[in-house]
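Visitor: Task: produce atomic coordinates for the following.
(2 chains)
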Amino acid sequence: MGLGLLASRALRSTRAFSPLNPRNVRTIVSTPELQKPEAAAAVAQPEADLPKRTPVAGARVHLPNPEDAIEVFVDGYPVKIPKGMTVLQACELAGVDIPRFCYHNRLSIAGNCRMCLVEVEKSPKPVASCAMPALPGMKIKTDTPLAKKAREGVMEFLLMNHPLDCPICDQGGECDLQDQSMAFGSDRGRFTEMKRSVVDKNLGPLVKTVMTRCIQCTRCVRFATEVAGVQDLGMLGRGSGEEIGTYVEKLMTSELSGNVIDICPVGALTSKPFAFKARNWELKGTETIDVTDAVGSNIRIDSRGPEVMRILPRLNEDINEEWISDKTRFCYDGLKRQRLNDPMIRGADGRFKAVSWRDALAVVAEAMHQVKPEEIVGVAGKLSDAESMMSLKDFLNRMGSNNVWCEGNGVHTNADLRSSYLLNSSISGLENADVFLLVGTQPRVEAAMVNARIQKAVRATHAKVGYVGPASEFNYDHQHLGTGPETLKEIAEGRHPFCSALKNAKNPAIIVGAGIFERNDKDAVFSVVEAIAKQGNVIRPDWNGFNVLLLNAAQAASLDLGLVPESDNSIESAKVVYLMGADDVNLETLPNDAFVVYQGHHGDRGVYRANVILPAAAFSEKEGTYENTEGCAQQTLPAVPTVGDARDDWKIIRALSEVAGARLPYDTLGAIRSRMRIVAPNLLHMDEREPATFSASLKPECNEKMSTSPFGTAVENFYMTDAITRASKIMAQCSALLSKQ
Amino acid sequence: MAAVVKGVLKSVRERGVLGFFRELRDEGYLNCLADGNLLQTKIHNIGATVVGVDKFGNKYYEKLGDTQYGRHRWVEYASKGRYNASQVPAEWHGWLHFITDRTGDELRLLRPNKYGLDHKENFSGEGDEYIYHSKGHSLNPGQRDWTRYQPWQPTKT
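Guide: The predicted model follows:
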């Protein structure tokens, strides 16, 4: 034994037995406080030496009016909470994490798992803290023997009918039941009977069910009804015969169905495409954003080596809360199929041949030099990041052409006023709206997360929804006002019954779909919508309810960067077309002798007309800035390496500019961003919504007439909208099984 | 010594000078100049009896009497340049290493016809085919394909 240790022992023993500390004095009387009143006082005031506790997961509380606040004591800590909070929330604020299965703070309270039992003073039994409202002066005890015994008992009951198949369970390692049975369960079981078993349900190609593992927390049922807005799931039976199911054999048809996988505390609902593919501790998480729609949901890409294994949502209250759509979650297998991995040139026989980068770039540069500058056309794809669009525009401008745009934006789209192409009320702001007017947009398929917000508003405040457009599915109550511009005109002229709802609304919101950008009479449609907005007092200093719901991740950034073509029929007169991931641009009117360069990551529609293919990186492989539909710039981060010989988009254009003799002045991502700072400084304010400064009222008057053709559907198939999702097998299955014919 | 000279003269007489030198080369006497092992074997061979020759041409010698016990059986490999112990087939192995007194020719008859395999020498280090490559090595024929994506194939049209 070392000297130091000896010394410390000696010190400790002297401290322990020193008569200075009254609590360590051993008396033979059972009530020492009667003997020494000062000792009793020291015991009665424990707050003084309690260590400071921090709220669980950074929980914060907002007290609207401080006189409504009540004070409760959690394990002796006083904590101030607003009236109406539950005991569990009070404990969270006090820094005590209460075990729970059925409670979820975005869903209604069920109180049926009984895991959150705590002891409350003067209550005869332990109370379920998730369902119990906190009362003033309540003394909550979370680590008393009674509470611990109650939890242990509940855990024993839960494990009674739970199979012990953790080694083959996909939830293993991230299972709430596993973790909490380690923390709160007993170290031995007393159960010797047979376990019950439940027949698995078929919920479709995305959610795998192992219903024997279900602990009947009903989170999935509540999620389906409250957030997804479908009444698919329900609880059947009573007692030990209780089951979650669809009652009749039926697939779950929500576009948010994947979230039940995250929400399930056990392995009853797991991801079908991910089943038995990896363990969660093998995966590397990369916090990035999603580009399959214009919402820009915050996601975490879990990868193992060079492979994306799964995609999970990340919490962002302003954009996607903690949900993501099925397309976002399950598109990842598209990243592994149909990839372009070598530069290719189409030979004289019409076949592609893999060549080196040097040859491919030389061919492209030569083709560009052989035509007149204005005959060069550049089209950015829907998945392009802002950096590559910036370099594409700069490059083509240096070559002498200004015919560059982003697909989906149509011609002559107004890029001058940001308010005319952004979701001005912000996605989370839509919750405050009480009347919605949807013009030519089906948010359920165009932006599922925005639709979830509208659904939330409809559910919480009974907001009215009016819809103008082709017949479509909604998962909330709505009025179908009409199919085309004439209905809009009626509303604008005040002849339509929906006008009164719009006028009486406190926060009316008009959402115009970006599908209208492709119409020839879009200026007229927008001016009519603006007239409606003016009548309904939609744009006020404190509320801007005029919204445009974009379709693609690249759209907002491309309009911010000014990717607007100079001439109307640039495709018809083009000699060299540079497609930067553009697959949905209409090339039928392109002259046959035109030279097409396709730079992208998937062998999709664009490559079939291409003369040269330049392989680029997908969103999971590059760092790029994307602006979502509400004007919030966010960044993707590389999760996996690029495939084959592929390169980042901006690097390809930078290299090409050098070969073509119009060298771009930036060599790094930082340098491109400082160029972007000149054009659109808002793209550099990461994770920050930059609202539009000027309102649409500054727009010049439009004298066009609206055509009478009804609005079309912008997204035909929710599951397959871009090159990645079209390459995905899972998405193909989904669209075959789930989308309505 | 006289026997050696007599033998040389005899074969010169039989085959001529050219033939004699060809035989010298084939029998490995030229290799003896550089290879002391072979020279030692050749010297040892003088006066020894050839017990047998296996099908590869390895000659098995025995010399009893004036040889040290334990060094009285040896082999002269058929290949004079690259010889190694694995060229001795299994049936001769026992005789050569004093495990048995039966010669390889006798033991060969005991070999089961149905499943007995022909002897093969150890080819380790004799070219890529016989070098072990780990499963990640590009020369391993059963190498796993670690490509985790499926490249786009240009259609034939």
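
Visitor: Nearest the geometric middle of chain B, what residue?
Guide: Against the mean C-alpha coordinate of chain B, by C-alpha atoms, centre = their mean, the closest residue is residue B:87 at 3.7 Å.

Visitor: Which residue is it, in chain B, that comes closest to chain A?
Guide: residue B:152 (2.9 Å; C-beta to the nearest C-beta). Every residue, glycine included, has its C-beta placed from N, CA and C.

Visitor: Give me the neighbour count for the nearest residue to that residue once chain neighbours are set aside.
Guide: Leaving aside its chain neighbours, residue B:152 sits nearest to residue A:603 (2.9 Å; criterion: C-beta to C-beta, 6 or more residues apart in numbering or on different chains). Around residue A:603 there are 27 other residues, counting by other C-beta atoms under 10 Å in any protein chain shown.

Visitor: which residues sit in contact with residue A:603?
Guide: For residue A:603, the contact set (C-beta atoms under 8 Å, 6 or more residues apart in numbering or on different chains) comprises A:338-340, B:152-154.

Visitor: repeat that with 6 Å
Guide: Residues in contact with residue A:603 (C-beta atoms under 6 Å, 6 or more residues apart in numbering or on different chains) are A:338, A:340, B:152.

Visitor: how close does the residue lying closest to residue A:243 once chain neighbours are set aside sit to chain B?
Guide: Leaving aside its sequence neighbours, residue A:243 sits nearest to residue A:236 (C-beta to C-beta, 6+ apart; 5.0 Å). As judged by C-beta to the nearest C-beta, to the nearest Å, residue A:236 and chain B stand 42 Å apart.

Visitor: returning to what we had before: quick one: contacts for the residue of chain B closest to chain A?
Guide: Applying C-beta under 6 Å, 6+ apart, the residues near residue B:152 are A:338, A:340, A:603.

Visitor: of all the residues you listed, which comes closest to residue B:3?
Guide: Set against residue B:3, the nearest of the contacts of residue B:152 by C-beta to C-beta is residue A:340 (80.9 Å).

Visitor: Report the contact partners of the residue lying closest to the closest one once chain neighbours are set aside.
Guide: Distance criterion C-beta to C-beta, 6+ apart; nearest residue to residue A:340, sequence neighbours excluded, is residue A:615 at 3.9 Å. Going by C-beta under 6 Å, 6+ apart, residue A:615 touches A:340-341, A:646.

Visitor: let's see 8 Å
Guide: Contacts of residue A:615 (C-beta under 8 Å, 6+ apart): A:339-343, A:599-601, A:643-647.

Visitor: can you check residue B:55 too?
Guide: Going by C-beta under 8 Å, 6+ apart, residue B:55 touches residue B:89.

Visitor: Ramachandran coordinates for the closest residue to chain B within the stretch 351-500 of chain A?
Guide: Nearest to chain B in the stretch 351-500 of chain A, going by C-beta to the nearest C-beta, is residue A:352, at a distance of 3.8 Å. Residue A:352 adopts backbone torsions of phi -80, psi 140, taken as degrees, to the nearest 10.

Visitor: How about it: which residues does it bridge to?
Guide: On the basis of DSSP bridges, residue A:352 is bridged to residue A:346.

Visitor: what's the burial count for it?
Guide: 21.

Visitor: Pretty sure it sits against residue A:344.
Guide: Yes - counting by C-beta atoms under 8 Å, residue A:344 is a contact partner of residue A:352 at 4.2 Å.

Visitor: for chain A, what are the nearby residues on chain B?
Guide: B:146, B:148-157 (C-beta under 8 Å from any C-beta of the partner chain).

Visitor: Of the residues you listed - the most surrounded one?
Guide: residue B:152 (22 neighbours).

Visitor: And the pLDDT for that residue?
Guide: Reading off the confidence values, residue B:152 has pLDDT 92.

Visitor: what's the overlap in contacts for residue A:352 and residue A:344?
Guide: With contacts taken as C-beta under 8 Å, 6+ apart, residue A:352 and residue A:344 have A:613, B:154 as neighbours in common.

Visitor: residues near residue A:54, how many?
Guide: By the criterion of other C-beta under 10 Å, residue A:54 has 9 neighbours.

Visitor: pLDDT weak spots in chain A?
Guide: Low-confidence segments of chain A, defined by pLDDT under 70: A:1-50, A:695-698, A:740-741.

Visitor: and residue 105, what helix or strand is that in?
Guide: Reading this off chain A. According to DSSP states H and E, residue A:105 maps onto no helix or strand at all.

Visitor: other chain: chain B
Guide: Residue B:105 belongs to helix B:104-108 when assigned by DSSP H and E.

Visitor: ok, the residue nearest to the centre of chain B touching residue B:79?
Guide: Yes - contact criterion C-beta under 8 Å: residue B:87 and residue B:79 qualify, at 6.9 Å.

Visitor: shouldn't residue A:196 be in contact with residue A:211?
Guide: No - using C-beta under 8 Å, residue A:196 makes no contact with residue A:211, being 10.3 Å away.

Visitor: can you confirm residue A:193 is in a strand?
Guide: No - counting by DSSP: H, G, I helix; E, B strand; the rest coil, residue A:193 is not found in a strand; it is coil.

Visitor: ok, residue A:212 to chain B distance?
Guide: From residue A:212 over to chain B (counting by C-beta to the nearest C-beta), the distance is 33 Å.

Visitor: residue contacts, residue B:53?
Guide: Counting by C-beta under 8 Å, 6+ apart, residue B:53 makes contact with B:59-60.

Visitor: Look up which residues are beta-bridged to it.
Guide: Taking DSSP bridges as the rule, residue B:53 bridges to residue B:59.

Visitor: Quick check: residue A:311 vs residue A:300, distance?
Guide: Distance, residue A:311 to residue A:300, by C-beta to C-beta, to the nearest Å: 7 Å.

Visitor: Can you list the buried residues in stretch A:158-174?
Guide: A:158-159, A:161-163, A:166, A:169-171 (16 or more other C-beta atoms under 10 Å in any protein chain shown).

Visitor: so how far is that stretch off the chain centroid?
Guide: 28 Å (C-alpha atoms, centre = their mean, to the nearest Å).

Visitor: Stretch A:329-336 now?
Guide: The chain centroid and the centroid of stretch A:329-336 are separated by 16 Å under C-alpha atoms, centre = their mean.

Visitor: how long is it end to end?
Guide: Between the opening and closing residues of stretch A:329-336 there is a gap of 15 Å (C-alpha to C-alpha, to the nearest Å).

Visitor: Same check on stretch A:655-667?
Guide: Per C-alpha to C-alpha, stretch A:655-667 runs 9 Å from first to last residue.

Visitor: Same drill for residue A:311 and residue A:300, tell me which one is more crowded.
Guide: The residue with more neighbours, out of residue A:311 and residue A:300, is residue A:311; 27 against 17, by other C-beta under 10 Å.

Visitor: That one - that's part of a strand, no?
Guide: Yes - under three-state DSSP, residue A:311 sits within a strand.

Visitor: can you give me the helices in chain B?
Guide: In chain B, the helices defined using DSSP state H lie at B:2-26, B:29-32, B:36-45, B:90-96, B:104-108.
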